[in-house]
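Q: just to be clear, the model below is a prediction. Sequence and coordinates:
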Amino acid sequence: MPEETHPIAITAAEAPARTKPSNYPEPFASRMAGREKRPLGDLFGLTNFGVNLTRLAPNAVSALRHAHTKQDEFIYILQGCPTLYTDEGCTQLRPGMCAGFKAGTGNAHHLINETLEEVVYLEVGDRTPGDVGSYPDDDLKALLVDGQWKFVHKDGTPYL
């Protein structure tokens, strides 16, 4: 079987966008309208962590507000001024600012583009097996099983 080939370097904004805008089940997936992710780490065959170049149109959100049990996350703002929502409240971000979210704290977070300008940022997260994502504002729980996210209701019943 031939070995996979990966580029040496690319222009990030020219990387192909994800074809599926969200892994969330409905009714949550449609709430991700206006978000575009370009999975950069996957292009290079990275397996220990992921890197996405993410664009948020005006009024778009990065994700449902969530926290991870085992995966750390990091964002770096390249363009625009999104609002970061965490358990502490909201923080206006601007280009050059960054934020990190330590696994296991339970501090749920997400970004919302509440401006009329496009927001572009890098997001980095590890891929620790056995992670669980919690969503305090929604009836949703995410389980990382064999490298794939499985979404269930908070009571454990699957989404159909």
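A: It's in.

Q: ranges for the helices of this structure?
A: 40-43 (DSSP state H).

Q: show the low-confidence segments of it, by residue range.
A: 1-2 (pLDDT under 70).

Q: please look at Leu93 and Gln79 and confirm they touch.
A: No. With contacts counted by Cβ atoms under 8 Å, Leu93 stays clear of Gln79, the gap being 11.0 Å. In short, each C-beta sits where N, CA and C put it, glycine included.

Q: okay, the two: which has more neighbours?
A: Neighbours per residue (other Cβ atoms under 10 Å) separate Leu93 from Gln79, with Leu93 holding more: 20 against 14.

Q: please list all residues in contact with the closest residue to the more buried one other than its chain neighbours.
A: Residue nearest to Leu93 in three dimensions, not counting chain neighbours: Ile77, with 5.0 Å by Cβ to Cβ, 6 or more residues apart in numbering. Applying Cβ atoms under 8 Å, 6 or more residues apart in numbering to Ile77 gives the contacts Leu93, Arg94, Pro95, Gly96, Met97, Cys98, Val119, Val120, Tyr121.
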